[in-house]
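Chemist: Build me a model:
(one chain, ligands or ions: 2)
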Amino acid sequence: MNSLVQDARNAAERVGLKSDTIVINGGRPLRGTIDVRGAKNLVTKAMVASLLGDTTSTLRDVPDISDVHVVASLLEIHGVKITGSAATGVLQLDPANVATATSAEIDALSGSSRIPILFCGPLLHRLGHAFIPDLGGCRIGDRPIDFHLDALRAFGAIVDKLPSGINITAPNGLRGANIELPYPSVGATEQVLLTGVRAMGTTELKNAAIEPEIMDLIAVLQKMGAIISVEPNRTIFIEGVESLNGYNHRALFDRNEAASWASAALATGGSIFTTGAKQSEMMTFLNVFRKIGGAFDIEEEGIRFYHPGGELKPVVIETDVHPGFMTDWQQPLIIALTQAHGTSIVHETVYENRFGFTDALIKMGANIEVHKDGLADPNRRVPRRALEQAAVITGPTQLHGAELEVPDLRGGFSHLIAALTAKGQSSVSNVGLIARGYGDFVGKLEKLGADFYFAE
Ligand SMILES: CC(=O)N[C@H]1[C@@H](OP(=O)(O)OP(=O)(O)OC[C@H]2O[C@@H](n3ccc(=O)[nH]c3=O)[C@H](O)[C@@H]2O)O[C@H](CO)[C@@H](O)[C@@H]1O
Ligand SMILES: C=C(OP(=O)(O)O)C(=O)O
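Modeler: Ligands and ions are numbered 1, 2, ... in the order given. This is a model prediction of the structure:
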């Protein structure tokens, strides 16, 4: 069994999926209401932040996704006592007895998520050492961790690369540092926040990422007693403090999940009310959704996304750091673009290989050309970047059922939408990978009237 299939099976098991393959009869518009809980990209980091407190933290609106289960297991092997459950949406995390985990214990959970790298700062403060295994997460190109390691070294950590992983120690403690990121990386910004809050002295971080999930992590840390100021021009100052308490926090909603279901509503010609979604974190997405011809109603309780009838229009998008168009949004939206009249272009600027999922769409009848080295375009908002690739999507095309193998989280959700949009039957395998980031997606598909069943 290859490691992708193994990861998918592990994830499926963690959230209790009946099997790893579902069979979908496409062609029915998705209609109904679903709940969007806390963001995968905040909840998992807020769980790690609990390690920094002297008292118990309470996190609400936790989604039942496999990444949450992985991080809970990682915390438990480090001595954090967890009560509550992802199923009920509330976790209490008690860090009173934080202890060293063996590299074998950590390794057993490696390959499943990217979060282990964020344990470094908190564990260095609590125990004086940390171990980073092989990291998992979406396979969307090379995902180096050089910014993280350089930041940790700037705080005074010693980084030892071993064949089994990376050993990090801080024999003289950690002190505030002046750090400038080469690129506003989300993870490296979180690394600096989770390390700087308890380092001695002041930390200045330039070229920081400012995604809404980072702002919510800062809110969590402020509740714990941290002093962090976000200045203009992507600069963050952190004044280290000697101790932190636990927090009580309701997680920010998952804007990536909301955008994915919005794309599903548009592609299938349906209407989905996403309870919990909010306008302010989704403004960039909403503009593009409207330009394509999608409609939305913003209400107190959430946002309704729907296809208002008529032809969808093509669009040119480039992914970017916040407040730009989020890279995680492009994969699901491309299915709706296969139904638009004309030629759309998606320039991917964040990851070096995020269009692999389109091979399967082409098999289903989509007209998509991928330019692996990007595409020159005089109307670009920003200059071309080193990692760029572009996808040119010409529609509308009738998709037809196929055998699909989920390659990664968002690519997998796209495959689901493609199968739901297509004429005929599709079988989608490795659906466990979708459970990494979409809580109860099976129950939600049922609520929205999708026609599907689990293969034996
Ligand atoms: C768990 C989580 O929150 N995942 C999100 C996080 O991923 P993640 O935190 O991994 O993404 P980053 O912002 O760090 O990565 C952006 C780019 O920077 C590069 N880079 C990053 C770190 C480093 O040390 N060296 C380096 O070169 C990456 O390879 C990538 O090309 O932000 C991404 C960008 O919004 C989202 O797509 C992911 O959903
Ligand atoms: C790339 C993603 O996640 P991760 O960083 O967890 O792989 C994603 O959520 O689309």
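
Chemist: show me the residues around whichever residue of the stretch 101-250 of the chain sits closest to ligand 2 that make contact.
Modeler: When scored by CB to the nearest ligand atom, the stretch 101-250 of the chain has G137 as its residue closest to ligand 2, at 2.9 Å. The C-beta positions use only the backbone N, C-alpha and C, and glycine is treated the same way. Going by CB atoms under 8 Å, 6 or more residues apart in numbering, G137 touches 113-114, 143.

Chemist: what do you get if the cut-off is 6 Å, keeping everything else the same?
Modeler: R114 (CB atoms under 6 Å, 6 or more residues apart in numbering).

Chemist: just V98 next, same as before
Modeler: With CB under 6 Å, 6+ apart, V98 has these contacts: 78-79, 126.

Chemist: Out of those residues, flag the one nearest to L333.
Modeler: In terms of CB to CB, no member of these lies closer to L333 than H78, at 38.0 Å.

Chemist: So which of the contacts of V98 belong to helices?
Modeler: Counting by DSSP state H, the contacts of V98 place R126 in helices.

Chemist: and which of the contacts of V98 is nearest to N353?
Modeler: N353 has its nearest neighbour among the contacts of V98 in H78, at 32.7 Å by CB to CB.

Chemist: Return the distance of the residue nearest to L74 when sequence neighbours are not counted relative to S73.
Modeler: Leaving aside its sequence neighbours, L74 sits nearest to L109 (CB to CB, 6 or more residues apart in numbering; 5.6 Å). Using CB to CB, to the nearest Å, we find L109 at a distance of 6 Å from S73.

Chemist: Neighbour count: these two, which is higher?
Modeler: L109 (20 against 16; other CB atoms under 10 Å).

Chemist: Strands along the stretch 201-350 of the chain, start to end?
Modeler: Taking DSSP state E, counting those that start in this stretch as the test, the strands found in the stretch 201-350 of the chain are 202-206, 227-231, 235-239, 248-250, 271-275, 295-298, 302-306, 316-318, 342-348.

Chemist: neighbouring strands for the fourth one, and are they parallel or not?
Modeler: Translated: strand 248-250. Here strand 248-250 has these sheet partners by DSSP bridges: strand 57-60 (parallel).

Chemist: what sits against N256?
Modeler: N256 makes contact with D328, according to CB under 6 Å, 6+ apart.

Chemist: Actually, S112.
Modeler: S112 touches 70, 136, counting by CB under 6 Å, 6+ apart.

Chemist: Okay, and it sits in which element?
Modeler: Under the criterion DSSP states H and E, no helix or strand holds S112.

Chemist: measure it to H415 for me?
Modeler: From S112 across to H415, the span is 20 Å (CB to CB).

Chemist: show me where pLDDT drops low in this structure?
Modeler: The model of the chain has pLDDT under 70 over residues 1, 111, 381-384.

Chemist: beta partners of L93?
Modeler: Residues in a beta bridge with L93, per DSSP bridges, are S57, I82.

Chemist: any idea how far it is from A49?
Modeler: Remark: distance between L93 and A49 (CB to CB) = 9 Å.

Chemist: So for these two, which residue has more residues nearby?
Modeler: For L93 versus A49, neighbours defined as other CB under 10 Å are more numerous around A49 (29 against 25).

Chemist: roughly how far apart are that one and K223?
Modeler: Separation of A49 from K223 (CB to CB): 10 Å.

Chemist: Next to ligand 1, which bits of the stretch 101-250 of the chain? Give me the list.
Modeler: 114, 143-148, 183, 185-188, 209, 211 (CB under 6 Å from any ligand atom).
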